[in-house]
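S.K.: Below is the structure, and that's it, no one-letter string:
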C-alpha cells in the first residue's frame, strides 16, 4: 500500500482540496481510452494465484459472467469498460443478494495500486476502492486518525460497503456511505467522472449508494477525525421486556450498541461500545460478561474483539478481530431497516413469531442508524432501526422464515439491505424510496446504454 500524508496532490484520484473547482467530468489529461478492451488486463487469477471467484462468500450465488477481468492500471480499467457490452464490479463477494451477478463481464479492482492519501488539513482520506476497511483503519490509526464508524466485520471493500448502504450502529451514526465526500468512477465510455459533495450537489446524493449502476468506482474520499480509544462490555441475559420498554435507554447506553437475541427465549445480550472521550451511561441490565463471548451462542469467542480493556477505536468498533474472517461462510443473512419510532412495535411483532423462526435462525442483531440524505440509503430520510438475521445455511427454511418476518413487518415500510436476502418484490422495495425516480433518471444520464445494469437493478428500475 502507498501511504502518503499531504494536504493535496493534484495527480491523485478524487482530489481532496476544498473548493478546488474540479469539474464534475474529468479525464485527468490522459485522453480517451484505446479501444482494446483487455489490453494490460488478464483473466483474473488473483494476486496470490487463487482462481477467479465462481461464487459469493456464502456460495448461495454463482457468478455466470462471460469473463472475469483483473486490470492492473486505471487506464486498463477504462479500456475494459469502454469495450464491454455489460460489466459489473466485484468486491469481496460478501453480498448475499444478486447485486453483482451478470452474464457480461465481472471486473476485479484488487490488482490496482492500493493507494491511500490522508489530507490532514481537511480531515479526509482518499483511498482506492478495493482497499478493505481493515487496511484503511490500520493506516489511519497509525497516522493519528479514525473513522466515525465501522461495520461489524472490517474485511470488506470500501466501495462495496458504500454502494450497498452497509452500516455500523449508533443513534448518532449514519451508514458508512454518508462519510463519502467525493468519488471517482469510470463511465460507460471509459471517461473518468469525479463527483464531490460540495460541487455536485444535484447528483452526489444519488451517486454513493448506487448499486454499481452508474459506473465502476475506482476511488473514494471519506471524512475522518482524530483517533480515539474505546472499551466494550457485554450485558448477558437482558430481558427483552426491558429492552422493548426502555429502548431509548438501551441504545443511548454507548457510542455503538448492538442487541443480539433469538426472539423466542425472552432474553438478549447487549454489546455496548463506549468512547473513552465521552461520558459513560448509567444503563446496566443483566449480568456483565467476564470475558469475550460470541454473538452466536455456543460459538468460540477467540475471534471476537476484546472486552473490558480500553483500546484503539478500530479494535473495538468491530465485533470480530480483523483478518480473522473465513474464506467462505456456512450461513445466510438478511436485514431490514424500519423507522426508528416504530422499533417497539416491530420488536413485538418479531417476538410473536420467535418460535417459528427458531429452526432456521442462528442469531438476530438489532442496531440503530441515523437518517441521511443519500437517495438509495436504507436510512434515507428517517432515523432507523435495523433488524439483522444470521441464518443457518438452509435456503428453503430461511426463505420461509424470512417471508414470515417481512410479511409481519410490511406495514412498517421495511427497506431490505441491498446486499442481503429478501422475499419482497423489487416493486415493494423501491416503493419505500422517495427519490427512486430521480435515481432512475440518474442511471439513464450516466449510462444511456445500460452497460452497468443487471437483473437486480432492472428489477428495481425497469428499462423503459
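M.R.: Alright, I've got the coordinates. Only a predicted model underlies this, so the values are computations on that prediction, with no experimental measurement involved. Residues are numbered from 1 along each chain as shown.
S.K.: from here on, contacts and neighbour counts on C-alpha atoms
M.R.: Will do.
S.K.: pLDDT on stretch 290-308, on average?
M.R.: Taken as a whole, stretch 290-308 has a mean pLDDT of 89.
S.K.: My error: substitute stretch 80-97 in the last question.
M.R.: 94.
S.K.: start to end distance for it?
M.R.: Stretch 80-97 has an end-to-end distance of 25 Å (CA to CA, to the nearest Å).
S.K.: Same check on stretch 287-305?
M.R.: From its first residue to its last, stretch 287-305 covers 19 Å (CA to CA).
S.K.: Now do the buried residues in it.
M.R.: 288-289, 292-293, 295, 301, 303-305 (16 or more other CA atoms under 10 Å).
S.K.: Return the member of the residues you listed nearest to residue 333.
M.R.: Relative to residue 333, the closest of the buried residues of stretch 287-305 is residue 295; by CA to CA it sits at 14.3 Å.
S.K.: Name the nearest residue to that closest one, sequence neighbours excluded.
M.R.: The shortest distance from residue 295 to any non-neighbouring residue, by CA to CA, 6 or more residues apart in numbering, is to residue 260 (6.6 Å).
S.K.: among the buried residues of stretch 287-305, which two are most distant?
M.R.: Using CA to CA, the buried residues of stretch 287-305 span at most 19.3 Å, a distance reached by 288 and 303.
S.K.: The residue nearest to residue 54 when sequence neighbours are not counted: neighbour count?
M.R.: Distance criterion CA to CA, 6+ apart; nearest residue to residue 54, sequence neighbours excluded, is residue 63 at 5.3 Å. The local packing count at residue 63 equals 18, with neighbours defined by other CA atoms under 10 Å.
S.K.: Quick check: residue 63 touching residue 55?
M.R.: Yes: counting by CA atoms under 8 Å, residue 55 is a contact partner of residue 63 at 5.4 Å.
S.K.: Helix or strand with the lowest mean pLDDT in this protein?
M.R.: strand 25-26 (a mean of 32; mean pLDDT, DSSP states H and E).
S.K.: Tell me the helices and strands packed up against the very next helix or strand once past that one.
M.R.: Following strand 25-26 in sequence order, the next helix or strand is strand 67-69 (DSSP states H and E). Helices and strands touching strand 67-69, by 3 or more CA pairs under 8 Å, 6 or more residues apart in numbering; DSSP states H and E, are strand 105-108.
S.K.: which outside residues touch the strand it packs on?
M.R.: 44, 65-71, 84, 86-91 (CA atoms under 8 Å, 6 or more residues apart in numbering).
S.K.: which of these count as buried?
M.R.: Buried among the contacts of strand 105-108 (16+ other CA under 10 Å): 44, 65, 67-71, 84, 86-91.
S.K.: if we can go back for a sec, could I get the phi/psi values of the residue nearest to residue 295?
M.R.: phi -110, psi 130 (degrees, to the nearest 10).
S.K.: Please apply the same query to residue 233.
M.R.: When read as degrees, to the nearest 10, the backbone of residue 233 gives phi -140, psi 160.
S.K.: Residue 356: what secondary structure?
M.R.: Under DSSP: H, G, I helix; E, B strand; the rest coil, residue 356 falls in the helix class.
S.K.: how about it, what does it touch?
M.R.: Contact partners of residue 356, counting by CA under 8 Å, 6+ apart, are residue 401.
S.K.: now residue 434
M.R.: Residues counted as contacts of residue 434 (CA under 8 Å, 6+ apart) are residue 375.
S.K.: Where does pLDDT dip in the stretch 351-464 of the chain?
M.R.: By pLDDT under 70, the stretch 351-464 of the chain has no low-scoring segment.
S.K.: For it, which segments count as helices?
M.R.: 354-357, 395-409, 426-430, 436-446, 455-460 (DSSP state H, counting those that start in this stretch).
S.K.: what's the closest of those helices to residue 112?
M.R.: Of these, nearest to residue 112 by CA to CA is helix 436-446, at 23.6 Å.
S.K.: quick one: that closest one to chain centroid distance?
M.R.: Centroid separation between helix 436-446 and its chain, computed with CA atoms, centre = their mean, to the nearest Å, is 21 Å.
S.K.: Can you tell me what sits against it?
M.R.: 187-188, 203, 206, 213-215, 375-376, 430, 450, 461.
S.K.: before we move on, the earlier item: which pair in the contacts of strand 105-108 spans the largest distance?
M.R.: The two members of these with the most space between them (CA to CA) are 84 and 91, at 18.5 Å.
S.K.: For the stretch 251-400 of the chain, which segments count as strands?
M.R.: 256-261, 267-275, 287-288, 311-312, 331-339, 361-369, 384-392 (DSSP state E, counting those that start in this stretch).
S.K.: could you check the angle strand 361-369 makes with the first one?
M.R.: When you say that, I think you mean strand 256-261. 150 degrees (axes from the mean of the first three to the mean of the last three CA atoms, to 10 degrees).
S.K.: same check, this time on the second one
M.R.: Interaxial angle, strand 267-275 versus strand 361-369 (the same axes, to 10 degrees): 40 degrees.
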